[in-house]
Every structure is written in structure tokens, then in C-alpha cells.
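Undergrad: attaching a predicted model along with its sequence, questions to come.
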Amino acid sequence: MTENTDTSQFNADELQAPAWLNAQFIEEVLNAYEKVPLQVTDLKITPATAQGDHYASIMFRAVAEYTTNGGKFSKPLIVKTMPEQEGHKKDMLSKSHIFETEILVYTKALPEFERILREAGDNTKLYVPCIYHSLEPRQVIIFEDLVPQGYSVIRDRPATKEEVQQAFSKLAKWHAVSMKVINEKPDFLKEFKYGMLDMTEILNDPMVTTSLPCFIEMLDKVPELTKYKTYFEKIKDNCRQRLSEIMLEYRNGPQANRYYVLCHGDFHIRNMMFKNNKKTGAFEDVMLVDFQLSNVCSITVDLTYSVYMLMESEERCELGKDFINYYFTVLEDTLKKIGFKGEMPTLSGLWEHFRSNKYYDFFLMSSILAMILAIKTNSLKMSDSVFDLEAKQNTYFLDAYLKDVKKLLPKFEKMGYFENL
């Protein structure tokens, strides 16, 4: 059965579970996972996420009641599958490799990464075990639900400094181990080659193609920012090509003094679950989730993305300097601990790498940031950024967005980002 109460907070395509997601299917999954005969006696299914949490799949929360010879049990699950309803989301994702990628992250990359950390005496947990996965007859991944274990997604407040630092700490360890693997066994991660901007459907989607024109129109109408209009008119025809070059650089020809890792690919606050002590409220853990866009590419892909998708305005307008520097200390320490034998990265080299990938900043500031701040302030739904151009254009005039842009553009100018466009 499917239970829904207040449906307004959920994505429309997650209000009704597909017919195949039933007690018989879950019973087969649990039989294989638990390795004992069992019978599912009840199954409750609800949407797993709120509007704005994600876009590249549909997710359900399932609670299965079942019996074995040992008694009665309950198993809370998260079921992630490809959109089946006809429409924009299905069209954009149907030819993608997101499920193959995520399955490989869970079954190949992260188990090896944790093994390397364990050998170095680091017991950091990088992922939740995958209970079930398939690509045929349908694309499905099932995990144990972290919510009953005390984890939750932050939606109604900014993350604390400690929470953000710990998220960066896990990312730094992930990146460090992947650098070691790339250096010693480069073919091990060769299958991870499909990032967000490698997907033609995304690059050609109205959610992307209308963003820069909307941004330029805003620059034209805000006197304080009009002088920057010329710069963005120069790049409007080649920005997407430059973005693809950034994503494909490792595969097309790695550059000297550049750092390449297996990136998470979508490192933002809604793809993290935080656990705090129930009695004291003290931070205990953060778990990264949603690895559908993980790919081997520039280390700056995750870090630059985090500036716009994870940080609050104050940190963002400093390009995340304090958090990125903290991340680097963990990265460097982990590389030493796990016996990395390649050339050690430097902090100055990392920031130079940032500057070389300035087009990624341009893209994120002129497209993703406006949408995220609008959703965060309840000014826009995700679907409106695709189907309602007028509503999308209005997001570029939101106070929160203009506040950041008025600080970021002068900073970019001072750093030389607008030279040699």
C-alpha cells in the first residue's frame, strides 16, 4: 500500500509508487539480502524526499514488515529508481548513465576506498551499504534508510560550521584515496566518465540554455552591474563548450600541475545526511549520498560546486576560502597517511587550479545559484526553472541573489577572471 498525507511538500512523480514496487518485489529483495526464507506481511511506501532535494531520479521510503522462523521484523528502506512518468525528467535522464555510475560507486569504488583507509588505520565510513541494485528490467537501487538511525537532511536552517567542515573532511578523504588509486591503478576508475556536463541532454536542456541569457538581461537592468554585461556576452556562445572541456580534461589529456580525483559530482547540502546526538545535539556524523554524477575529473569540480551549492552567502562571496583551506589540510594529511607516492598537491596549486577553471564559476553563478536561492526562499519550484521562463527570469532579481552577485563579480574582476575571454 502507499501512504500519503500532506502531498504539497513532495515531488509530484513520487506521490504514487510504480506498480512493480510491491510486497512481492521487496520480499524477493530481502530474501536475497538476509539469506533466510521470509515473508513480507505489510509494506508501507511514502515519498522519500521533499521538493528541491534532487532531480535525477525518484525515491521512495519503504517500511517492510516481515516474518522468518526467528520471529517478526521490520526493515526501513530507501528505493531509488528512474522516472517512469512521461515528461521532462524522463526525457532528460532516460539515456543517461546515472544508475550504472551510482551502482559502480557503491559496489566498486567506495568499498576499495574504505579498504585503503582501513589499512591506514582510518575507520571513516564513506557510504551506506547497498542492499539491492539492478539495471534490467528496470534501474533500481535500494539502501537501508538512515533516518531511523538518527540521520536527517538539513532543510530548515543553515548547516553549522562544524557540519560543513565534517562534510569536507569526508570529501577530502574520498578525494585523497581516489588520487592514490588513479596514481597506482589508473584503469580501476576508467568507467567513471559521465559527469553532469558530459550529458548532452543536460547541456541542451532549457534549464541550462536559458540561464545565461536571463543573467545577461539582469546585468543590463541593474545599473551597478551593467559594466559586466560585455564580458558575459563574449562567452555566451562558447561557455557550454568550455564547461565540457573542464569536465573532459582528464580523459582528453591531463594537464601538468593539475589535480584529478573521482569527484562526487553533486556535492551539496541535500546530498548529505547529518547525525546529531539526540540528548546533547552534538554533531556525530555526516554521510554523503547520491553518487549518480561521480566521475574522474578536476578536483575543482566538487570544490567550486560546493561554493554555490553548499555554502552560505558570507563564505560563498569569499569563494569558500576557509572551508577549502580546511579541506586541503585533511586531503594532505590523508595522502600522507595512506602512502600516496605521486607528486603532492600544494595549496597554491589548488587555488591556481580554481582560477584556470573560471568558466565553471561563471556557469554556476549565472545558472545554478539563482535557482537554488529561489528554491531556498520558496520563490520558485524546480519545475518552474524549466517551464516558466518569466518565473525563472524573476529569480535573477531576488535580493539574496543580487547581494551575492554584487560581491562575486568585483571579486572575479580583481582576480583577473575577465581577462582573455
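TA: Structure's in. What do you need?
Undergrad: where does the stretch 1-150 of the chain have low pLDDT?
TA: Applying pLDDT under 70 to the stretch 1-150 of the chain flags the ranges 1-15, 49-57, 84-95.
Undergrad: for it, which segments count as strands?
TA: Here the stretch 1-150 of the chain has its strands, by DSSP state E, counting those that start in this stretch, at 39-47, 58-68, 71-81, 130-134, 140-144.
Undergrad: just those: most buried one?
TA: Ranked by mean neighbour count, those are led by strand 140-144 with a mean of 21 (mean count of other Cβ atoms under 10 Å). From N, CA and C alone the C-beta is placed, and that goes for glycine too.
Undergrad: packing partners of it?
TA: Other helices and strands packing on strand 140-144, by 3 or more Cβ pairs under 8 Å, 6 or more residues apart in numbering; DSSP states H and E, are strand 71-81, helix 98-104, strand 130-134.
Undergrad: wait, isn't V330 in contact with S169?
TA: Yes: counting by Cβ atoms under 8 Å, V330 does reach S169; the two are 4.9 Å apart.
Undergrad: mutual contacts of the two, please.
TA: Counting by Cβ atoms under 8 Å, 6 or more residues apart in numbering, no residue touches both V330 and S169.
Undergrad: how near is R138 to F363?
TA: From R138 across to F363, the span is 33 Å (Cβ to Cβ, to the nearest Å).
Undergrad: quick one, which of these two is more surrounded?
TA: Shown here are R138 and F363; by other Cβ atoms under 10 Å, F363 has more neighbours (23 against 13).
Undergrad: tell me which element the more buried one falls in.
TA: Element membership for F363, per DSSP states H and E: helix 358-363.
Undergrad: how far does that helix sit from the chain's center?
TA: 17 Å (Cα atoms, centre = their mean, to the nearest Å).
Undergrad: try stretch 174-182
TA: Relative to the centre of its chain, stretch 174-182 is centred 18 Å away, using Cα atoms, centre = their mean.
Undergrad: likewise stretch 20-33?
TA: The chain centre lies 28 Å from the centre of stretch 20-33; the measure is Cα atoms, centre = their mean.
Undergrad: now do the buried residues in that stretch.
TA: Residues of stretch 20-33 classed as buried by neighbour count (16 or more other Cβ atoms under 10 Å): 21, 23, 25-27, 29-31, 33.
Undergrad: now swap in stretch 278-291 and tell me
TA: 285-291.
Undergrad: closest to A109 out of the residues you listed?
TA: Among the buried residues of stretch 278-291, F291 lies closest to A109 (Cβ to Cβ), at 8.3 Å.
Undergrad: sticking with the closest one, tell me its helix or strand.
TA: Counting by DSSP H and E, no helix or strand carries F291.
Undergrad: same check on the one 5 residues further on?
TA: Taking DSSP H and E as the criterion, V296 maps to strand 295-298.
Undergrad: any chance of the strands of the stretch 1-150 of the chain in JSON lines, with distance to G320 too?
TA: Below are the strands of the stretch 1-150 of the chain laid out as JSON lines (distance: least, Cβ to Cβ, whole Å):
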{"stretch": "strand 39-47", "distance to G320": "32"}
{"stretch": "strand 58-68", "distance to G320": "28"}
{"stretch": "strand 71-81", "distance to G320": "29"}
{"stretch": "strand 130-134", "distance to G320": "31"}
{"stretch": "strand 140-144", "distance to G320": "29"}
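Undergrad: just the helices in the stretch 251-400 of the chain please.
TA: Secondary structure of the stretch 251-400 of the chain by DSSP state H, counting those that start in this stretch: the helices cover 300-309, 313-316, 321-337, 347-356, 358-363, 369-376, 384-387, 389-395, 399-414.
Undergrad: and those, which one is worst for confidence?
TA: When the helices of the stretch 251-400 of the chain are compared by mean pLDDT, helix 384-387 comes last with a mean of 58.
Undergrad: the stretch 201-350 of the chain: strands as residue ranges?
TA: Taking DSSP E, counting those that start in this stretch, the strands of the stretch 201-350 of the chain run over residues 260-263, 272-276, 283-288, 295-298.
Undergrad: who's in contact with the first one?
TA: Just to be clear, that refers to strand 260-263. 109, 174-175, 178-179, 181-182, 189, 192, 195, 249-250, 254, 294-299, 301-302.
Undergrad: tell me, what residue is most central in this structure?
TA: Closest to where the C-alpha atoms of the chain average out (Cα atoms, centre = their mean) is D266, at 1.9 Å.
Undergrad: what pairs with the strand holding V296, and is each one parallel or antiparallel?
TA: Using DSSP bridges, strand 295-298 pairs in its sheet with strand 260-263 (antiparallel).
Undergrad: and the average pLDDT for the partner strand is what?
TA: On average, strand 260-263 scores 97.
Undergrad: any idea which of the buried residues of stretch 278-291 is closest to M344?
TA: So of the buried residues of stretch 278-291, ranked by how close each gets to M344 (Cβ to Cβ), first place is L288, at 24.4 Å.
Undergrad: good, wrapping up.
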